[in-house]
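Trainee: here is my input; please provide its structure:
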Amino acid sequence: MNEKLLKEADWCEWADLHDSFIRDMLFAVEEGGDIFSLAEAIASNDTEIIGKAIETGRVFRPDGYQVEQWRKDKLRFLTLIVSPFVIIQEMDMASYAKILKQQAEVLKKDQL
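Mentor: Here you go, the predicted model:
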């Protein structure tokens, strides 16, 4: 996993992401998908990987109905920014805790 992306990963509520949706800069990764690999593919402009992910539905642009559900359900998302895009994935706190642990390990390694 790309350590730079891991260090920059954040956990957001929908309200924090709405502007990116309105600007058509938001991509969502299906639950259980590898958000970090997709973000790396976007960062390196790997059109083959991105195209296959879109084709298979592993990555998608949320529609108004999906956004309304997320807003209503008050979901939180793992969020990565690969300028100009924002890549999100629904994530519960237990899964995010694992990401935080990995972030801590990378930051600790950087300090050595």
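Trainee: which ones are touching the residue nearest the centre of the chain?
Mentor: Central residue of the chain (CA atoms, centre = their mean): Ile88, 2.9 Å from the mean position. When contacts are counted by CB atoms under 8 Å, 6 or more residues apart in numbering, Ile88 touches Cys12, Leu17, Leu26, Phe27, Ala28, Val29, Ile35, Phe77, Leu78, Thr79, Leu80. Backbone N, C-alpha and C define where each C-beta goes, glycine included.
Trainee: the second one: neighbouring residues, count only.
Mentor: Spelled out, it's Leu17. 20 (other CB atoms under 10 Å).
Trainee: wait, it touches Gln89, no?
Mentor: No: using CB atoms under 8 Å, Leu17 is not in contact with Gln89; the gap is 11.4 Å.
Trainee: which neighbours do those two have in common?
Mentor: Joint contacts of Leu17 and Gln89 (CB under 8 Å, 6+ apart) are Phe77.
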